[in-house]
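Undergrad: from the sequence below, what's the structure:
(chains A and B)
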Protein chains: 2
Amino acid sequence: MREAYQSDLRHIVDDLLDMAEMVGTALESATASLLEGDLALAERVVTADPHLDARQVELDAKAVELLARQSPVATDLRLLVATLRMSSSLERMGDLAAHVALIARRAHPEIAVPEQHRAQIARMCELGLSALQAASQVIENRDLALAAQVEKQDEELDDLMLEISREISSSSEQSYTNAQIIDLTLLIRFYERLGDHAVSLVRRVGFLVTGDSLDTLSEGVDVQEI
Amino acid sequence: MREAYQSDLRHIVDDLLDMAEMVGTALESATASLLEGDLALAERVVTADPHLDARQVELDAKAVELLARQSPVATDLRLLVATLRMSSSLERMGDLAAHVALIARRAHPEIAVPEQHRAQIARMCELGLSALQAASQVIENRDLALAAQVEKQDEELDDLMLEISREISSSSEQSYTNAQIIDLTLLIRFYERLGDHAVSLVRRVGFLVTGDSLDTLSEGVDVQEI
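TA: Take a look at the predicted model:
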């Protein structure tokens, strides 16, 4: 009985890691579809998203069932509570990746990102992926050693968003079509939000390990953030 | 003891309703600051946001403590689980309202929203507020009668976002500055996300009342959504 319970708790962590892997694949493919104008790949990302949503629903149900059946306390309780927040972040990260693919699809046969910004967008994807992978390791090992790295990558994402936004603002109106500015503004926001969610994942492991608050005040509005 | 527990559960609902009221005030003030170019009001919204964040931290701590101390089952358990999701949505709604105020502040002494879009933005605020108030009533009465109304208001928000976005795309490059397009794109996205969160709040009451899944698949990516 006790053993089955411990195995259930381990499965919950495995489910989170699976979801993180699905998000990583979606993000990588979505960015490739965006930068290469690959319509079929964009479609695959959009079509795959409901699988991630379904995984979240299953995982939430498992966590609630364990809360009901085992009345966990201490670390086990915190793991289940943190899981309910982390599954939600991962599902949202999947949505954001799918949003990137939807912009690729809408722009087709054009490429939504003007040439001069492609390297920046590729870098935003790289930072998001790297932050996600580090967050996964934090979840797997319950070790906060990589927390600072994730925060740093999130800051770099914020900086790149501002850099691109400023470059657009200071260019002449003829440098972009209006639709290009709309798409770029949404894209840099999506990547920036992915970074925020990676930070949230790590903070929830912080809650799990230390019992500190589930969300922290510093997650609030950052004056730099918009 | 039992009585104290029931009173704790009631307080949790009161806390959620308080948070919803704080969000409503923030949203209304943020929109007023945006449309009237009122810098002092924008500052007040930004300064007030950490209070909402602090309320979330307190509420989450209460919910986790009740989970640990009372080992609730059935409806009580679902209330606490739903609370942990709802507090997170409300905190995020507060961030979105503060983001609106930050755009008002950045544009000052200009008004970020060009004249031809002000009525649309005012309407988006109205829809967001109305959806939030309906969601509060759903939370207070655990009565899903208003759920369809919230969904409808969320759809109207999506439609307005698309309408504004299309109007910008189909205008000449000279009709807007690049910075105006960036700001408008972000603004309509913030209001649209507020609608999504109001829908989420209602769905979590659905989970509480019916025991259905905590998130539903239909909350996933909508092809219309970006």
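Undergrad: what strand or helix carries A:Val113?
TA: Following DSSP states H and E, there is no helix or strand that holds A:Val113.
Undergrad: ok, it touching A:Glu36?
TA: No. A:Val113 lies out of contact with A:Glu36 (C-beta atoms under 8 Å); the separation is 10.5 Å. The C-beta positions use only the backbone N, C-alpha and C, and glycine is treated the same way.
Undergrad: so what's A:Ser130 up against?
TA: A:Gln153 (C-beta atoms under 8 Å, 6 or more residues apart in numbering or on different chains).
Undergrad: if you set the cut-off to 10 Å instead, what comes out?
TA: By C-beta atoms under 10 Å, 6 or more residues apart in numbering or on different chains, A:Ser130 lies in contact with A:Gly24, A:Gln149, A:Val150, A:Gln153, A:Glu156, A:Gly195, A:Ala198.
Undergrad: now A:Thr75
TA: Counted by C-beta under 10 Å, 6+ apart, A:Thr75 has contacts A:Leu9, A:Ala82, A:Arg142, A:Leu208, A:Val209, A:Gly211.
Undergrad: and whatever helix or strand the fourth one lives in, what's buried?
TA: Following DSSP H and E, one finds A:Leu208 within helix A:178-210. Of the residues in helix A:178-210, A:178-209 count as buried by neighbour count, 16 or more other C-beta atoms under 10 Å in any protein chain shown.
Undergrad: those also near chain B: which ones?
TA: A:178-190, A:196, A:200, A:207 (C-beta under 10 Å from any C-beta of the partner chain).
Undergrad: farthest pair in those?
TA: Using C-beta to C-beta, those span at most 43.3 Å, a distance reached by A:Asn178 and A:Phe207.
Undergrad: quick revisit: looking at A:Val113 and A:Glu36, which is more packed in?
TA: A:Val113 (25 against 13; other C-beta atoms under 10 Å in any protein chain shown).
Undergrad: ramachandran angles for that one?
TA: With angles defined as degrees, to the nearest 10, A:Val113 sits at phi -90, psi 120.
Undergrad: what's the pLDDT at it?
TA: With respect to pLDDT, A:Val113 scores 98.
Undergrad: could you find the closest non-adjacent residue to it?
TA: A:Ile121 (5.2 Å; C-beta to C-beta, 6 or more residues apart in numbering or on different chains).
Undergrad: repeat for A:Pro114
TA: Closest to A:Pro114 by C-beta to C-beta, 6+ apart is A:Gln180, at 6.0 Å.
Undergrad: counting neighbours, what do you get for the closest residue to A:Ala179 other than its chain neighbours?
TA: Using C-beta to C-beta, 6+ apart and skipping residues adjacent in sequence, the residue nearest A:Ala179 is B:Ser169, 4.3 Å away. Applying other C-beta under 10 Å, we find 15 residues neighbouring B:Ser169.
Undergrad: isn't B:Ser169 right next to B:Leu184, touching?
TA: No. At 11.3 Å, B:Ser169 does not count as touching B:Leu184 under the criterion of C-beta atoms under 10 Å.
Undergrad: gap between stretch A:12-25 and the chain center?
TA: Distance, stretch centre to chain centre, for stretch A:12-25: 11 Å (C-alpha atoms, centre = their mean, to the nearest Å).
Undergrad: kindly report the same for stretch A:78-96.
TA: Here stretch A:78-96 is found 10 Å from its chain centre; the criterion is C-alpha atoms, centre = their mean.
Undergrad: where does A:Leu214 fall, helix, sheet strand or coil?
TA: With DSSP: H, G, I helix; E, B strand; the rest coil as the basis, A:Leu214 sits in coil.
Undergrad: can you name the residue of chain A nearest chain B?
TA: Closest contact between chain A and chain B, by C-beta to the nearest C-beta, is at A:Ser71 (3.5 Å).
Undergrad: now chain A, which segments are flagged as low pLDDT?
TA: Within chain A, the stretches with pLDDT under 70 are A:1, A:215-226.
Undergrad: quickly list what's touching both of A:Val113 and A:Glu36.
TA: A:Ala104.
Undergrad: list the contacts of the residue nearest to A:Val113.
TA: Shown in contact with A:Ile121 (C-beta under 10 Å, 6+ apart): A:31, A:34-35, A:100, A:112-114, A:160, A:164, A:184, A:187-188, A:191.
Undergrad: need those residues in a markdown table with distance to B:Ala63, can you?
TA: Putting those into a markdown table (distance: C-beta to C-beta, whole Å) gives the following:
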| residue | distance to B:Ala63 |
| --- | --- |
| A:Thr31 | 37 |
| A:Leu34 | 39 |
| A:Leu35 | 43 |
| A:Val100 | 34 |
| A:Ala112 | 42 |
| A:Val113 | 42 |
| A:Pro114 | 47 |
| A:Leu160 | 36 |
| A:Ile164 | 39 |
| A:Leu184 | 40 |
| A:Leu187 | 36 |
| A:Ile188 | 35 |
| A:Tyr191 | 32 |
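Undergrad: for A:Ala134, which non-adjacent residue is closest in space?
TA: Nearest to A:Ala134 is A:Leu146, by C-beta to C-beta, 6+ apart, at 4.3 Å.
Undergrad: I'd say A:Ala119 and A:Leu35 touch.
TA: Yes. Shown here, A:Ala119 and A:Leu35 form a contact pair, counting by C-beta under 10 Å, at 9.5 Å.
Undergrad: helices of chain A, start to end?
TA: Using DSSP state H, the helices found in chain A span residues A:2-36, A:39-70, A:74-107, A:118-141, A:147-169, A:178-210.
Undergrad: so which bits of the first one are buried?
TA: Right, the one you point to is helix A:2-36. Buried residues in helix A:2-36, counted by 16+ other C-beta under 10 Å: A:8-9, A:12, A:15-16, A:18-20, A:22-35.
Undergrad: what of the fifth one?
TA: Applying a neighbour-count criterion of 16+ other C-beta under 10 Å, one finds A:147, A:149-151, A:153-154, A:156-158, A:160-161, A:164-165, A:168 buried in helix A:147-169.
Undergrad: same check, this time on the third one
TA: Burial within helix A:74-107, assessed by neighbour count using 16+ other C-beta under 10 Å, is assigned to A:76-105, A:107.
Undergrad: those residues: which ones sit near chain B?
TA: Applying C-beta under 10 Å from any C-beta to the buried residues of helix A:74-107, those adjacent to chain B are A:77-78, A:80-82, A:84-85, A:87-89, A:91-92, A:94-103, A:105.
Undergrad: picking up where we left off before, what's the angle between the helix holding A:Leu208 and helix B:74-107?
TA: 130 degrees (axes from the mean of the first three to the mean of the last three C-alpha atoms, to 10 degrees).
Undergrad: and stretch A:62-72, what's buried?
TA: Of the residues in stretch A:62-72, A:Lys62, A:Ala63, A:Val64, A:Leu66, A:Leu67, A:Gln70, A:Ser71, A:Pro72 count as buried by neighbour count, 16+ other C-beta under 10 Å.
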